[in-house]
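A.B. asks: prediction below, plus the sequence it came from.
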Amino acid sequence: MIVRKESIPPGPSGEAPSETFVLNLGPQHPAAHGVLRVLMTMDGEWITKAEPVIGYIHRMHEKMGENRTWAQFLPNTSRIDYLSAMHYTHAFVGAVERAAKIEVPPRAEYVRVITSELNRIASHMVWWGAMLADLGGLTPFLYAFDDRELILDLLEGICGARLTYCYYRFGGLCNDIDDDFVQGTRAFVKHMPPRLKMYRDLVTDNIILRKRLTGIGPISAEMCRKYGATGPVIRGSGVAYDVRKIEPYSVYPQFDFKIPTYPECDSMARYLVRMDEMEQSLRIIEQALDQLPAGPVMGKVPRVLKLPPGDYCYAVEAARGRFMVRIVSDGKDTPYRVKLRTPSFSNLSLYEEASKGMILPDALAMMGSLDLVIPDIDR
Amino acid sequence: MRFLSLEPIRILLYLVGICAFVGANAAYLVLAERKIAGRIQRRPGPNEAGYGGWLQPVADGIKLLVKQVMVPPGTDGLLYRLAPLMVMAPPLICLAVVPFGEDLVARNINVGLLLVFSLGSVNVMALMLGGWASRNKYSVISAARVVSQNVAYEIPMLLVVITMLLATGTLNLNEIIRQQAGWFWHWNILRGIWTLTNPLIPVTFVIFFICMLAETNRAPFDMAEAESELVAGAFTEYGGMGFGVFFMAEYANIVVGCSLATVLFFGGWQSPIGILSGPIWGPLWFLGKMYALIFVVIWIRWTFPRTQFYGLLNLSWKILIPLSLFTLLLSGALITLTKLL
Amino acid sequence: MESQVDTSKIVTFAKLEDVLALGRANSLWPLTFGLACCAIEMMATGMARFDLSRFGAEVFRPSPRQADLMIIAGTVNKKMAPAVKLLYDQMLEPKWVMALGNCAISGGPFVYPGQYAVIEGVDQLFPVDVYVPGCPPRPEALIEGILKLEEKLTGKRRFPVAKLKE
Amino acid sequence: MKPSIEQLTEAFSCLAGPVPAEVTAPSWPVAVYTVDANLKGYHFDAAVSPAQVVTAAEILDRFGFGLDAVTGVDWIAQNEMEVVYDYFHPEINLRVVVRTRVPRASPELPTISPVFPGANWHERETHDFFGIRFLGHPNLTPFLLPEDADFHPLRKDYQP
């Protein structure tokens, strides 16, 4: 526990000493999902102020972008939010392709969608398990990882990594998918719905879970907009904002899928949004497999990549929300500036306001429902 | 063999036996819990230390015993050392009055039930002292939680026990078991229904069981430890054997709670089928019933998420206490009525 | 400097030491402490497919006082370094450290001339017992790391090493 | 509220005008123009003066935009720092970029955190990386860097 004296707010002068104390949650805390530190000014178990202190896993991704070539920065993108590495690589690759006007073959785009959605399910499974572990139920964690391992097997088969995939390349993919992957994905799409139903019956409808999440941690749509919170957080506030629909990229307009929204604004809404999203992802994967065209997976890319000067943005819907890469090029073979707009950063920034007046376990349940990945915040 | 009937020697033997029983139980219940958890979570669980992992508790015990002993700076040294002792002693004493068989009881005293309940609350004090002495904010929050939780759950638990006393009319645990002789419908949990002393006795049992989970700080009421909220709760600053004792005491308390439930509701050492009783079968029946209940406790832990703290208090004050009061009144009225008629 | 006396020749606690080492090796409780990507693989190791609990090492303790093994699963940066050091100091002896992943070993992919944030290897902060390379290491590698640590403690290897076919 | 690009252009036209006198930087565009989103990734680009970022934020807030990110770019050759505000709209496909330039010697501009509280963190981060001071910001202390950090690593002339 690191509590520095100056961080404790002084009591109002001339009054009796304040009854609050500062609880230093983290950087090592089981509910901190890594190294988030929250300075909680507490009145008993009630939180009067919860101030997140971040930067404990700041790994200077943005600085690194400036001193390596466009292609050399690619592995970094999969380590920002390691749980949705595919999406992050997609955003960076997409931004460079947009700037260099590289044509991506349709097969590559379809495979990108399939792998991205698989990655989304894997990420949501980790969130689901970790959130239930936050609430004190450890068993769902293991079931979630069981299903996740199936996805990891599939993705490992095509790109060799279990977690930090670097599968997308400028202009396409590094490998074509094989029959095993297609068969395996079809089998997974069949395997998953009964599991999701089981999770709904066993966990989502559990009365303790319902009691702990319903009405806890309200985040209004207005608050989401002001803080830039996206992803399941804004969708749990009833706004159907999803980059895949609002600012379509890749071949997402080809597919028929719904954006699940819940207007309740509470932790349960965010929970249900993610549970429904997994079903929608399965639908997208199924359609993409059916429509998968033949052809090459790599477009024509110049050997030495130099982007025309200017700034370019590319946003994707990562598992945690809107992820945007803004690259600034000055015509050289290295980026002039890489800005990574990460969803967890904005999602956490509203925590201080949203957690005011909550009781400690509720605040932690709400933190779980935000689905934070700390390196994604700190970059 | 005459000396065996000498009271001091008998007591000594029983004390050693109880200590061994509690120690072995605590150690192997941890293993059982890890194995059952593994079973529930579709994995093998500890299976490399010894055949099927049966040496795992031994390894854990050795590890904990030879771990550095340290009183963290700034703690209240005396209370910090005292708390593990205080948490371990009550279940040991409680087991002295629990009859494992018709004659297998260390002290067959008339107020056994009272003794168990009076010592049962010392456990709370120990956790509170441990949390307070640790000088850790998580521990202090946890200590406050433990006290309010136990105060809340002591009441319905005692009301339930009073309800049972109305029907049994004795505080002697062995006597309570003797009354339940015969087939399994003679057990208190079913007898109350057809003798019309307390038709709601299954509800009474559920209240008792919930209260027992809460009193032993087991999930879904594990506010004292609350791993994902309060790091390790009251034991955050305890390492090595100090922590090991807290860990063992949790299981010892479960043993006491489950054996009490066995005595009060499931006929103790009575056979469920009328035959196969006696000094050999009796203890076996008792342990069988007790371990079945312990299994349920473990099963619940690995199935449910933790309750919210004020939800937990609400459950006690708004549901369990009125309900147990109602069963108490109902049972009292029915017994009076049957006597009048 | 007088020469060191080899005490092991005078007094041997061989049997007891062996038993203690066996006990410790079979009960390595790790600290619940994830930093970055490797933490997810650490979790995966504890899960059903790889099941760290087989070796009695699944008891992830959130409090450093109760943990025996600190798995540094991820990048340690300059802001985090004092906290990691403090956690190490709070652990009770005997304690072991495993550097999981390239970041913990050397700073990994985040090291370049002129970097300003990461610690280039946690062994600059405190002694490390086992290094498990990978980015991130696979769960099998973490299990291998645990086995290596057991080997370090007991002097014996638990499983025979698979031999590569010629 | 679902604004169109024309409405935005009209609202922003009041900001365009002669370069403010206090700005000495040579390449000073105060301009509003729409861009091809397929090429750039955003639809609307507004370059304003540093004093006008708050007005711009208020206009966008009125139209129902959400704050995406605030970031800086260090143009060392021009001796300027660019501050870029990204906005997204939660209902329609319309992305707006508001940019402004401040001199490198005294990088100061007003904060927009009263309008968008989410900007609080983004501005702290920008201050961390570039040393750009946001006047009126409630808590401009090191954020991602260690508590005692006094360096700004993303400046192009940063030497560790």
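C.D. replies: Nice, thanks for sending it over.
A.B. asks: residue numbers of the stretch 1-150 of chain A in contact with chain D?
C.D. replies: Residues of the stretch 1-150 of chain A lying close to chain D (CB under 8 Å from any CB of the partner chain) are A:54-55, A:58, A:60, A:62-63, A:66, A:95, A:98, A:101. C-beta coordinates here come from the backbone N, C-alpha and C atoms, glycine included.
A.B. asks: nearest to B:Ile193 among these?
C.D. replies: Taking CB to CB as the measure, B:Ile193 lies nearest A:Ile54 of the residues of the stretch 1-150 of chain A next to chain D, at 60.0 Å.
A.B. asks: wait, D:Tyr85 touches D:Val70, no?
C.D. replies: Yes: applying CB atoms under 8 Å, one finds D:Tyr85 in contact with D:Val70, separated by 5.4 Å.
A.B. asks: compare these two (neighbour count), which wins?
C.D. replies: Comparing D:Tyr85 with D:Val70 by other CB atoms under 10 Å in any protein chain shown, the one with more neighbours is D:Val70, at 30 against 25.
A.B. asks: check which helix or strand that one maps to.
C.D. replies: Assigned by DSSP states H and E, D:Val70 falls within strand D:66-75.
A.B. asks: packing partners for the next helix or strand after that strand?
C.D. replies: Sequence-wise, the next helix or strand downstream of strand D:66-75 (DSSP H and E) is strand D:80-88. Helices and strands touching strand D:80-88, by 3 or more CB pairs under 8 Å, 6 or more residues apart in numbering or on different chains; DSSP states H and E, are strand A:310-318, strand A:321-329, helix D:53-62, strand D:66-75, strand D:96-103.
A.B. asks: mind putting those in TSV, distance to C:Arg65 and mean pLDDT included?
C.D. replies: Listed next are those as TSV, based on distance: least, CB to CB, whole Å; pLDDT from 0 to 100:
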stretch	distance to C:Arg65	mean pLDDT
strand A:310-318	38	87
strand A:321-329	37	89
helix D:53-62	49	85
strand D:66-75	41	88
strand D:96-103	51	86
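A.B. asks: make TSV out of the ones you listed and add distance to chain B.
C.D. replies: What follows is these, written out as TSV (distance: least, CB to the nearest CB, whole Å):
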stretch	distance to chain B
strand A:310-318	25
strand A:321-329	24
helix D:53-62	37
strand D:66-75	31
strand D:96-103	41
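A.B. asks: quick check on the most centrally placed residue in chain A: phi, psi?
C.D. replies: For chain A, the residue nearest the mean C-alpha position is A:Arg320 (2.7 Å; CA atoms, centre = their mean). Phi and psi for A:Arg320, reported as degrees, to the nearest 10, are phi -100, psi 0.
A.B. asks: wait, it touches A:Pro343, no?
C.D. replies: Yes: the pair A:Arg320 / A:Pro343 is scored as a contact, 4.2 Å apart, by CB under 8 Å.
A.B. asks: state the mean pLDDT of stretch D:81-90.
C.D. replies: Mean pLDDT, computed over stretch D:81-90, is 88.
A.B. asks: again with stretch D:2-20
C.D. replies: Mean predicted confidence for stretch D:2-20 is 68.
A.B. asks: close to chain C: what parts of chain B are there?
C.D. replies: Residues of chain B lying close to chain C (CB under 8 Å from any CB) are B:34, B:38, B:41-49, B:53, B:55-56, B:58-64, B:66-68, B:70, B:72, B:227, B:231-232, B:235-240, B:243.
A.B. asks: do you know how far A:Asn194 is from A:Asp147?
C.D. replies: Just so we're on the same page, residue A:194 is Pro rather than Asn. Here A:Pro194 is placed at a distance of 11 Å from A:Asp147 (CB to CB, to the nearest Å).
A.B. asks: and the two? Which one has more around it.
C.D. replies: A:Asp147 (21 against 9).
A.B. asks: right, and that one touches A:Pro193 too?
C.D. replies: No: in this structure, A:Asp147 is not within contact of A:Pro193 by CB under 8 Å, at 11.4 Å.
A.B. asks: from the residues of chain B next to chain C, which are also near chain A?
C.D. replies: Near chain A, by the rule CB under 8 Å from any CB, you find B:41-43, B:227, B:231 out of these.
A.B. asks: name the nearest of the residues you listed relative to chain A.
C.D. replies: Of all those, B:Gln41 has the smallest distance to chain A: 4.1 Å, by CB to the nearest CB.
A.B. asks: quick one, phi psi at the residue nearest to C:Tyr112 when sequence neighbours are not counted?
C.D. replies: Closest residue to C:Tyr112 apart from its sequence neighbours, by CB to CB, 6 or more residues apart in numbering or on different chains: A:Asn67 at 6.5 Å. Here is the backbone geometry of A:Asn67 (degrees, to the nearest 10): phi -120, psi 30.
A.B. asks: what about A:Met86, which SS state?
C.D. replies: Here A:Met86 is helix, with the state taken from DSSP: H, G, I helix; E, B strand; the rest coil.
A.B. asks: pLDDT at it, what is it?
C.D. replies: 90.
A.B. asks: which residues of chain C fall in helices?
C.D. replies: For chain C, the helices defined by DSSP state H cover C:7-10, C:14-25, C:37-46, C:81-90, C:102-106, C:139-154.
A.B. asks: could you find the closest non-adjacent residue to the residue of the stretch 251-379 of chain A found nearest chain D?
C.D. replies: Nearest residue of the stretch 251-379 of chain A to chain D: A:Cys313, at 3.2 Å (CB to the nearest CB). If the residues on either side of it in the chain are set aside, A:Cys313 comes closest to D:Gly41, at 3.2 Å by CB to CB, 6+ apart.
A.B. asks: neighbours of the one you found, how many?
C.D. replies: Neighbours of D:Gly41 (other CB under 10 Å): 26.
A.B. asks: my guess is it meets A:Tyr314, correct?
C.D. replies: Yes: here D:Gly41 reaches A:Tyr314: they are 5.3 Å apart, a contact under CB under 8 Å.
A.B. asks: one step back: surely the residue nearest to C:Tyr112 is in contact with A:Pro335?
C.D. replies: No: using CB under 8 Å, A:Asn67 is not in contact with A:Pro335, being 9.1 Å away.
A.B. asks: which neighbours do D:Tyr85 and D:Val70 have in common?
C.D. replies: Taking CB atoms under 8 Å, 6 or more residues apart in numbering or on different chains as the criterion, D:Tyr85 and D:Val70 both touch D:Ile112.
A.B. asks: without its sequence neighbours, what residue ends up closest to the residue in chain B that chain D sits nearest to?
C.D. replies: Here chain B gets closest to chain D at one residue, B:Lys137, 21.1 Å apart by CB to the nearest CB. In this structure, B:Lys137 finds its nearest non-sequential neighbour in A:Leu23, 5.3 Å apart by CB to CB, 6+ apart.
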